[in-house]
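*Asks:* Below: sequence and its predicted model.
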Amino acid sequence: MPLTPPPEVTAVLAEFDARTDTFEVMDVQHAVDKAVPDWKALAPDAQQAAWAEWAAFDFSTHEASDGGPWKTYFQPMMTVGEGDGMRCRPDLRRADAAVIEYWSARAHDAKHPVLKARYADLVWDTTKCVTKGKPGIEFARLAIDNYVAAAKLDDGSSWGDTHESVGRALTLALSVKDKVRIEQAVNATIDYVDRTASDDKLGTYCYLFDNLLPPDKGPELSEDLERSIVERMEKKFAEMTTPGGQWDVDPHSPQSIGLRLAAYYQRKNRPEDRVRILRAIGQAFERRAKMGDAMTGVMFLETARETYAQAGLKEEAERVQFDAQKVAPDAVKQLVPMTVKHEVKKEDVDKFCAMLTEGGSMEVALSRLAVSFVPDQQDLADEVAERAKKFPLQALFTPKIIDESHIKADIGDESGDPDGKMVHETSRHIQFSAPWIGWGFDHLFANGLTAAHIVDFVRLSPLFTEDRIPLIRRAVEAHILGDFIQTVHVLVPQIERAVVNIARHAGKSTVKPFQSGKGVMQSKNLQDALERDEAVKVILGENLRMYLLSTLAHNKGLNIRNEVCHGLWTTDQFTKTASERVLHILLSVSMLRAKSKPAAAT
């Protein structure tokens, strides 16, 4: 038996159907929702019919990178939970064959193009998910025709829906290879942009370029039409990049247009035009950098540098980098220190220190100190996930790391850097352990720990060869005497050599081809071992690997090895805390021991 909505819902829909102007789908959803004050009072069939109308206009059409829960164009307005426990509003899983049949009838019976397009597209898009069946081609055609018709009614008051609908009409027409309707959708898009575009609002016209000149699978356009669209964008871009104009304060707007043009010219094999556009974007960010404070200046100059580099303009990129270095010290001065106070009870410190030395030798104490502060990556990942749930907006504001010469790292940029996010989280976490490591070492030294004990502990690991022991002894003695500069400078290379040596113990090479080729080889470095050597990664385990990467060899972490070896640390950075951290890393690597060979069979 066909679904029949309650009279109140039918009356609301009749009002929308009789309109000669346009409206948004959410207007219908709100009206249906208001028309049924008590859903529970409805009979089951009437309730399902009312839900079919309410849900039809409540579905979102935002793009989901993974296709969403149903792999459909129509998406839930909101979701709660994950996997089998996910709750959706609205939930397509509630729909059945009767709902599809109802939407099909409404697609034919409704009169207003906004309604007809919605019902028809729902049938076309969701039938396979709901019933495993195949919708008729007429529903795609109905959706396209009525999206186009609805666009003609809109003067811009329903821009949010309409600009998306003309794009959907084109996508549908392309998917069913309907040349006539493809042309109609193209013309509808151009007409709507002509009637509603605003020079000050990029969103009101950039979608014309995106829909009609996409990177692939776009409509076939005549040369004249394609040229007119490009010239339209070029005109906007030229206005926005004219020095002294209103857009000098907002370089991101010309950047948005310019990157579209640059990508288009790259596809068309027009390198000179691409470089011209990218140069103008870089110049726009340079002008903006001169208008604000030092901090924003560094950020804008970095964007200019990246743009010049993308264009292959090496001299411009180098010049801007030098300008940023001159501004960076003032930017650092503008940073506002943030202090987080955390009270640690003396009895907790005493309990921790007692645990280190309780019932064991110095070897046992050093082992306990080493393993206590290597963060568990799964625990950290769980903390990150929990924080993302509690503070979802935090993801919109990813930090950058800046020093007195340049931006060292963009935490939000994960391209080509699979470890970067967790390196940053690990480095944040381990900074809170620094006082405990210090208290631990102080307690052990006060209770008889000597350089000889630490050297004997290191000797237990086959990674540190005997010819390295004198260097390690000197470094530990220097720490005891307060010469932290010597400790850090000597120990960091020995730790690196030990980690690289893991490959040799696993039967793998510790050298790699030199960049010049010709059979010349060079030693692998710490990043090679930690990021690219699978044998090393397996032996270290993820917890120790990430600890070493986060403390020694990644720009999103403490980066001790790279900054010390490149002479970037100043005297005041070689602190007792830094020296204790390096000692702790030494102990952690020394925990890697040779496997004992099984006894020979008798």
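*Replies:* Nice, I can see it. These numbers were taken from a predicted model, which means no experiment stands behind them.
*Asks:* Tell me which stretches of the stretch 401-550 of the chain form strands.
*Replies:* Taking DSSP state E, counting those that start in this stretch as the test, the strands found in the stretch 401-550 of the chain are 407-410, 511-513, 521-523.
*Asks:* For those, which has the smallest mean pLDDT value?
*Replies:* Lowest mean pLDDT within the strands of the stretch 401-550 of the chain: strand 407-410, a mean of 64.
*Asks:* Could you tell me the per-residue confidence at I411?
*Replies:* With respect to pLDDT, I411 scores 66.
*Asks:* Can you give me the neighbour number for the closest residue to S523 other than its chain neighbours?
*Replies:* Using Cβ to Cβ, 6 or more residues apart in numbering and skipping residues adjacent in sequence, the residue nearest S523 is V511, 5.6 Å away. C-beta here means a position set from N, CA and C on the backbone, and glycine is covered the same way. Neighbour count of V511, defined by other Cβ atoms under 10 Å: 14.
*Asks:* Test my guess that V511 contacts K524.
*Replies:* Yes: if you go by Cβ atoms under 8 Å, V511 and K524 touch, sitting 6.4 Å apart.
*Asks:* any common contacting residues for those two?
*Replies:* With contacts defined as Cβ atoms under 8 Å, 6 or more residues apart in numbering, no residue is shared by V511 and K524.
*Asks:* mind checking how far the helix or strand where Q29 lies is from the chain centre?
*Replies:* In this structure, Q29 sits in helix 25-35 according to DSSP states H and E. With Cα atoms, centre = their mean, to the nearest Å as the basis, helix 25-35 stands 36 Å off its chain's centre.
*Asks:* same for that helix, what does it pack against?
*Replies:* Applying 3 or more Cβ pairs under 8 Å, 6 or more residues apart in numbering; DSSP states H and E, one finds that helix 25-35 contacts helix 7-17, helix 44-56, helix 113-131.
*Asks:* can you list the domain ranges for this protein.
*Replies:* Following automatic domain parsing, one gets these domains for the chain: 1-81+88-135, 141-221, 223-331, 348-590.
*Asks:* Now render those domains as CSV, adding distance to V340.
*Replies:* Listed next are the domains of the chain as CSV, based on distance: least, Cβ to Cβ, whole Å:
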stretch, distance to V340
domain 1-81+88-135, 32
domain 141-221, 40
domain 223-331, 22
domain 348-590, 9
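*Asks:* Check the ones you listed for me: which has the lowest mean pLDDT.
*Replies:* Mean pLDDT is lowest for domain 348-590 out of the domains of the chain, coming in at a mean of 88.
*Asks:* That one: how far from the chain's middle?
*Replies:* That offset, for domain 348-590, works out to 26 Å (Cα atoms, centre = their mean).
*Asks:* how far away is the nearest residue to V492 once chain neighbours are set aside from V499?
*Replies:* Leaving aside its chain neighbours, V492 sits nearest to R561 (5.2 Å; criterion: Cβ to Cβ, 6+ apart). In this view, R561 and V499 are 10 Å apart by Cβ to Cβ, to the nearest Å.
*Asks:* so what sits against both of these two?
*Replies:* Common neighbours of R561 and V499 (Cβ under 8 Å, 6+ apart) are L526.
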